[in-house]
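Enquirer: for reference, the sequence and a predicted model appear below.
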Amino acid sequence: MSVPAFAELLERLIFTPGRNAKLALLRDWFATQPDPDRGIGLAALTEELVFTAAKPAMIRDLAAARTDPVLLALSHDYVGDLAETVALIWPERAGVNAPPPALSEVVETLEVTPKAELPGLISGWLDTLDSGGRLALIKLITGGLRVGVSGRLARVALAEWSGKPVEEIEEIWHGVAPPYLPIFRWLEGHAERPDPRDAPVFRPLMLAHPLEDRDLAALDPAAWRAEWKWDGIRVQLTAGPGGRRIWSRGGEDISGGFPEIVEAMEFHGVLDGELLVIRDGLVAPFADLQQRLNRKLVGPKMLRDYPVGVRLYDLLFEGGEDLRPLPFDARRQRLEAWVERHAPPRMDLSALIAFASVAQLSEVRDGARAASIEGLMLKRADSPYLAGRQKGMWWKWKRDPLSIDAVLMYAQRGHGKRSSFYSDYTFGLWRPVEGGGEELVPVGKAYSGYTDEELGWLDRWIRNHTVSRFGPVREVEKALVLEVIFDAAQLSGRHKSGVALRFPRIARIRTDKPASEADRLENLMAYVEAGPAAEE
Amino acid sequence: MPHPETWLRVLPDGLFCEPGGFFIDPVRPVERAVITHGHADHARPGHRSVLATPETLAIMRARMGEGAGAAQQAMRHGEVLRQGEVTIRLVPAGHVLGSAQVVMEWQGSRAVVSGDYKRQADATCLPFEPVPCDVFVTEATFALPVFRHPDPAHEVAKLLKSLALFPERTHVVGCYALGKCQRLITLLRAAGWDRPIHLHGAQQPLCRLYEELGVPLGELRPATVANKAELRGAIVLAPPSAIADRWARRLAEPVTALASGWMRVRQRARTRGVELPMVISDHADWPDLNRTIDEVGAPEVWVTHGRDDALVHALAGRGIRGRALHLVGLGEDEDEAVAEAPEGAPAA
Ligand SMILES: [Zn+2]
Ligand SMILES: [Zn+2]
């Protein structure tokens, strides 16, 4: 029953917006499916197992051999997606009563089947499945599942299902290959926790809490260290005899996207740092780094135009030695000595910022206007490196947001709990048009920052002021001013306005302000820092 | 034998039987109308005299009161009536309660107008009966080979499994008030769901009428704000337009389901924001459309509405002459309109 069971899970996951509901579906999968299929299914969902045995063209040909070409074309035209069209149109054959394959059978058979025999093998499987099963199989073997289950989400579900802390699962996860039998045995209490030894595994990152005013007042400068909070993506570099990996903050393996970093990882240890686009020692705005994200492969042009480096924050392991229990100061000393000794290419130290008082530190923070800096990190000098968000150990102190008064232009329904509310807002600013007058140009989208009451109010306002609709989107009267705050404004060729906002959110509804008095595009442009940010 | 084209014509008001002097499912008020079933795109108000099954007439009276027709003539299955030079019979279409095919004979030539129909079992109405004829006038709502409706029991099982997995959440199922709603209730009862089923205000009058007409539905309760706690883990049936709108917010963390033949295609489900698509339709799917046409054995098939291109193509391959009528105004009932259903339905 395994491919059909997997198909059912897949269908629910694809249509379920809520995180909690997704977790419940995954827990149910772990609890009800046999080994090794539950691990194979899990690896397929998180894309740790990706198949490319069959090309979409082969699937098309299989369907074409069994259907009328005009009807296939009309159907494809209607459905849109080829895999789905084939899954739906596949003619069921009377008299086929072979059981559908198990996931493990699919995986094992694909590996040993010569290319020429694949079409026959796949047709045979399709004959045993219903339309949902056929779709799951086709998506699986063409490498196109894309259900949006992150490895992190899957591990949280495993933790909830088994009662084991998620950090303990994270630490060994990448040391065990699908179908993760030793992990399931451990989680079900039948065996000890597997020992990853030299395998490159992800260690959960230490995270910071946002700093509140009262925390600031109590801060003793002598006991705290400060450094810049760089605006890139947080990474963990793991290298040793077992291999090299770059992990994202959530424990996803992103090594494939950054080959130049992997190449530079000529060491044995584990480092914590920020991945940034750095040109001649200058950090580029986040928009540049975005060009490099979510790519499985990168070409030479990407490597040349968007060179990346890692600014190092911390040293977790040196060789096999676990430094995490040491206080921050001691780890920092080891890190500095390590950088000096190795001088690794494409890596540098994130500098500490000396300060004698909170007032002085505050000035430093206010003075940082570079787009590549989000604010300050404050770390207690004696803090060990602990998994997760630990109160009172590390603070992040973001710089004050920038703000504009913009006009609401379009609204769209949200997802999950918010699916009945217009909760996503596109807002715009005025700019002059040729021949006189002004027009609104959209400058960004925000879906947070408001209270539940404000959301309810906005939802009603939008319904009562709609001028037209396109699918789920409503265009509204250009009459409502929203105060939008954001962390930075960066030039962008991909936006009509020529500018992109970093983390925009709604701060206030300005019913007191007429739309004609909202900000002009030039007001926003004044916030854009020209060129790459200077290193500080 | 006269060709049906000479006595059955497409006029702006709809399909007109000339020697009988009546329209079938006309879109505008006419003197004399024969109505196949109670869906709003087939049964419109304001005709002077209306001929239909007793159930269809009852549904029309419940929905449009005075507008159901100044003179109403009920005709049971099996009865034969002479209207002008034409004899008329009404034969079950299996679509919703009271739904009928119109069988007409004139000078030895027989035409059957199917209205909407399906071949799957439905406990709320009589099953479709194929009638051999010279021309078969069919719908084609789901006339693409990608539409093959699964066993509805399987779809209901998906809903019950979700209830087991999320026992705290209200499961709100969008379904058209006439036909789909009551069929879903009988499917749930057949699957062993004997708890009360809750209804959005728009679903209540027709459920009451079905029960009066002899279709038992078990315990039904209104889904109102007052009983939000009671709605945890309950099934609520609502019009498709209500499931993603303000009305649904009052429910406890609703799981939104939608019962419709269109749910077979993912993109359709996705644009409606549906979490649990249930492929249940009251229209014939692709294999059933083709099987039915083969069974009635008509050398000529006229297609009223839907995907006439695919159906006419498939018929040509079997030597059957297909003709697209392009009737306007049809295809706005439950399954057919679900993708574009308006929002802002009345609250319960
Ligand atoms: Zn109908
Ligand atoms: Zn209809």
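Expert: Received the coordinates, thanks. Numbers count the residues shown, from 1 in each chain, chains lettered A, B, ... in the order given. Ligands and ions are numbered 1, 2, ... in the order given.
Enquirer: make it CA atoms for all contacts and neighbour counts henceforth
Expert: Will do.
Enquirer: residues in contact with the worst-scoring helix or strand of chain A on mean pLDDT?
Expert: Every helix and strand of chain A was ranked by mean pLDDT, DSSP states H and E. The lowest is helix A:213-217, at a mean of 81. Helix A:213-217 is contacted from outside by residue A:358, using Cα atoms under 8 Å, 6 or more residues apart in numbering or on different chains.
Enquirer: gap between residue B:182 and chain A?
Expert: According to Cα to the nearest Cα, to the nearest Å, residue B:182 stands 25 Å off from chain A.
Enquirer: just the element for that residue, please.
Expert: helix B:180-190 (DSSP states H and E).
Enquirer: what of residue B:158?
Expert: helix B:152-165.
Enquirer: tell me how far the next helix or strand after that helix lies from the chain's centre.
Expert: Downstream of helix B:152-165, the next assigned helix or strand under DSSP H and E is strand B:171-174. Counting by Cα atoms, centre = their mean, to the nearest Å, strand B:171-174 is centred 19 Å from the centre of its parent chain.
Enquirer: buried stuff in strand B:171-174?
Expert: The neighbour-count check on strand B:171-174 (16 or more other Cα atoms under 10 Å in any protein chain shown) flags B:171, B:172, B:173, B:174 as buried.
Enquirer: now the second one: closest residue in space that isn't a chain neighbour?
Expert: Nearest residue to residue B:172 in three dimensions, chain neighbours excluded: residue B:236, at 4.6 Å (Cα to Cα, 6 or more residues apart in numbering or on different chains).
Enquirer: correct me if wrong: that neighbour contacts residue B:201.
Expert: No - the pair residue B:236 / residue B:201 is not scored as a contact, 10.7 Å apart, by Cα atoms under 8 Å.
Enquirer: shared neighbours, the two?
Expert: Joint contacts of residue B:236 and residue B:201 (Cα under 8 Å, 6+ apart) are residue B:223.
Enquirer: more crowded one of those two?
Expert: residue B:236 (26 against 19; other Cα atoms under 10 Å in any protein chain shown).
Enquirer: and that one, which of the three is it?
Expert: strand (DSSP: H, G, I helix; E, B strand; the rest coil).
Enquirer: mind listing the residues bridging to it?
Expert: Here residue B:236 sits in beta bridges with residue B:172, residue B:198, going by DSSP bridges.
Enquirer: what sits against it?
Expert: B:170, B:171, B:172, B:173, B:197, B:198, B:199, B:200, B:223.
Enquirer: and it, how close does it get to residue B:242?
Expert: Counting by Cα to Cα, to the nearest Å, the separation of residue B:236 from residue B:242 is 11 Å.
Enquirer: before we move on, what about residue A:407?
Expert: Residue A:407 is 30 Å from residue B:242, by Cα to Cα.
Enquirer: more neighbours, those two?
Expert: residue A:407 (31 against 27).
Enquirer: quick check: phi and psi on the more buried one?
Expert: phi -100, psi 130 (degrees, to the nearest 10).
Enquirer: quick one, what contacts residue A:399?
Expert: A:365, A:366, A:368, A:374, A:375, A:376, A:487 are the contacts of residue A:399 under Cα under 8 Å, 6+ apart.
Enquirer: what about the second one, how many residues close to it?
Expert: Burial of residue A:366 is recorded as 12 neighbouring residues (other Cα under 10 Å).
Enquirer: what about the one helix or strand it maps to, average pLDDT?
Expert: Per DSSP H and E, residue A:366 falls inside helix A:358-367. Averaged across helix A:358-367, the pLDDT comes to 86.
Enquirer: strand partners (parallel or antiparallel) of the next helix or strand after that helix?
Expert: Elements were assigned by DSSP H and E; along the chain past helix A:358-367, the next helix or strand is strand A:373-380. With DSSP bridges as the test, strand A:373-380 is paired with strand A:224-230 (antiparallel), strand A:394-398 (antiparallel).
Enquirer: rank these by mean pLDDT and give me the bottom one.
Expert: strand A:394-398 (a mean of 90).
Enquirer: and the angle from it to helix A:358-367?
Expert: Calculated by axes from the mean of the first three to the mean of the last three Cα atoms, to 10 degrees, strand A:394-398 forms an angle of 50 degrees with helix A:358-367.
Enquirer: next, count neighbours for the closest residue to chain A within the stretch 51-200 of chain B.
Expert: Chain A sits closest to residue B:146 of the stretch 51-200 of chain B, with a gap of 4.5 Å, by Cα to the nearest Cα. When neighbours are counted by other Cα under 10 Å, residue B:146 registers 28.
Enquirer: just the buried residues of stretch A:41-56, please?
Expert: Buried-residue list, stretch A:41-56, by 16+ other Cα under 10 Å: A:41-51, A:54, A:56.
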